[in-house]
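K.L.:
okay, sequence plus prediction incoming.
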Amino acid sequence: MNQISDNLDLVKTAIERAQSLAPQTQPVTLIAVSKQQPQEKLDAALAAGLRVFGENRVQEAQTHWQHHKKTISDLELHLIGPLQTNKVADAVALFDVIHTLDRPKLALALSKEMQKQNRQLPCFVQVNTGMEPQKSGIMPQDAIAFVKDCQEDYGLNICGLMCIPPADEEPVMHFALLKKLADAAGLSKLSMGMSGDYAAAIQIGATHIRVGSSLFGARLPRD
Ligand SMILES: *Cc1c(COP(=O)(O)O)cnc(C)c1O
């Protein structure tokens, strides 16, 4: 499984190059997206020094990481997939950062649960920059008001905005829109960029990139 450490070197080099070309350099957190990967690859990623992982399903994340959470103190888990309100308690218990806050009902549920567990997790508000009907995320025109409600009405720690651009469109215009909305909302963090486009995202100001297949190779099918 040396492959993962080789892949990591390539990704790190590409991140550095993108940062060197970016107009303003800011630190970039590489989130290794470990969904649908076998346990041996996760172990290889840990051996390569990776500590920040992204998962899009609560239950799979528990299977992958719950046992490691007890022994690896600097393990950091990011939820990057849609969150149902009935999974909020498990999500707050396991994850360190939520990237997919996208509706008032979820804001309320997270707020209550974080108080209950006394865990204030930083959250990104997910914006549906492509305004795709089937995709989660708050509509761009509602994003700034929603951020304010999350902060003032629900007392949540909103650290930034997140987007997943439409698969068939040039991602750069979506990254630029997310950056503009974050600036207007007074937020400094941007979760954007995946294997195919993280260099472009960094150019536009990404602070958190979510990289799966470039690190781990192809994903296993879901059963
Ligand atoms: C799966 C996933 C990724 C990683 O995608 P790759 O193209 O494999 O890097 C990033 N973000 C989200 C939200 C995902 O669900």
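P.N.:
Thanks, I have the structure now. Please read these numbers as outputs of a predicted model, since none were measured by experiment.
K.L.:
how about the residues of this protein near the ligand?
P.N.:
Within reach of the ligand by C-beta under 6 Å from any ligand atom, the chain has these residues: 33, 35, 56, 80-81, 164, 194-196, 210-214. Just so you know, the C-beta spots here come from the backbone N, C-alpha and C atoms, and that holds for glycine as well.
K.L.:
quick one: low-confidence parts of the chain?
P.N.:
Counting by pLDDT under 70, the chain contains low-confidence ranges at 1, 223.
K.L.:
quick one: the helices in it?
P.N.:
2-21, 39-47, 58-71, 88-94, 104-117, 140-152, 171-185, 198-204, 213-216 (DSSP state H).
K.L.:
let's have those in CSV, adding mean neighbour count.
P.N.:
Below are these laid out as CSV (neighbours: other C-beta atoms under 10 Å):
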stretch, mean neighbour count
helix 2-21, 14
helix 39-47, 16
helix 58-71, 15
helix 88-94, 18
helix 104-117, 16
helix 140-152, 17
helix 171-185, 19
helix 198-204, 22
helix 213-216, 20
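K.L.:
return the subset of the residues of the chain next to the ligand lying in strands.
P.N.:
Counted as lying in strands by DSSP state E, out of these, are 33, 210, 211.
K.L.:
next, format those residues as JSON lines and append neighbour count.
P.N.:
Listed next are these as JSON lines, based on neighbours: other C-beta under 10 Å:
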{"residue": "33", "neighbour count": "25"}
{"residue": "210", "neighbour count": "24"}
{"residue": "211", "neighbour count": "22"}
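K.L.:
and which of these is nearest to residue 61?
P.N.:
When these are compared for distance to residue 61 (C-beta to C-beta), residue 33 wins out at 11.1 Å.
K.L.:
hang on, isn't that closest one packed against residue 214?
P.N.:
No: with contact defined as C-beta atoms under 8 Å, residue 33 does not reach residue 214; the gap is 9.5 Å.
K.L.:
how many neighbouring residues does residue 53 have?
P.N.:
Counted with other C-beta atoms under 10 Å, residues neighbouring residue 53 total 24.
K.L.:
from what I see, it and residue 78 are in contact.
P.N.:
Yes: with contacts counted by C-beta under 8 Å, residue 53 reaches residue 78, the gap being 7.0 Å.
K.L.:
so for those two, which residues contact both of them?
P.N.:
residue 31 (C-beta atoms under 8 Å, 6 or more residues apart in numbering).
K.L.:
beta partners for residue 33?
P.N.:
According to DSSP bridges, residue 54 are recorded as the beta-bridge partners of residue 33.
K.L.:
list the contacts of residue 127.
P.N.:
Contacts of residue 127 (C-beta under 8 Å, 6+ apart): 137, 138, 139, 140, 143, 161, 162, 163, 177, 178, 181.
K.L.:
repeat the analysis, applying 7 Å as the threshold.
P.N.:
137, 138, 140, 143, 161, 163, 178, 181 (C-beta atoms under 7 Å, 6 or more residues apart in numbering).
K.L.:
for the fifth one, which non-adjacent residue is closest in space?
P.N.:
Okay, so that is residue 161. Of all residues not flanking residue 161 in the chain, residue 182 sits nearest, at 4.6 Å (C-beta to C-beta, 6 or more residues apart in numbering).
K.L.:
from residue 104, how far out is the one you found?
P.N.:
Relative to residue 104, residue 182 is positioned 20 Å away (C-beta to C-beta, to the nearest Å).
K.L.:
I'd assumed residue 214 was in contact with residue 7.
P.N.:
Yes: counting by C-beta atoms under 7 Å, residue 7 touches residue 214, with 6.3 Å between them.
K.L.:
fine, thanks again, bye for now.
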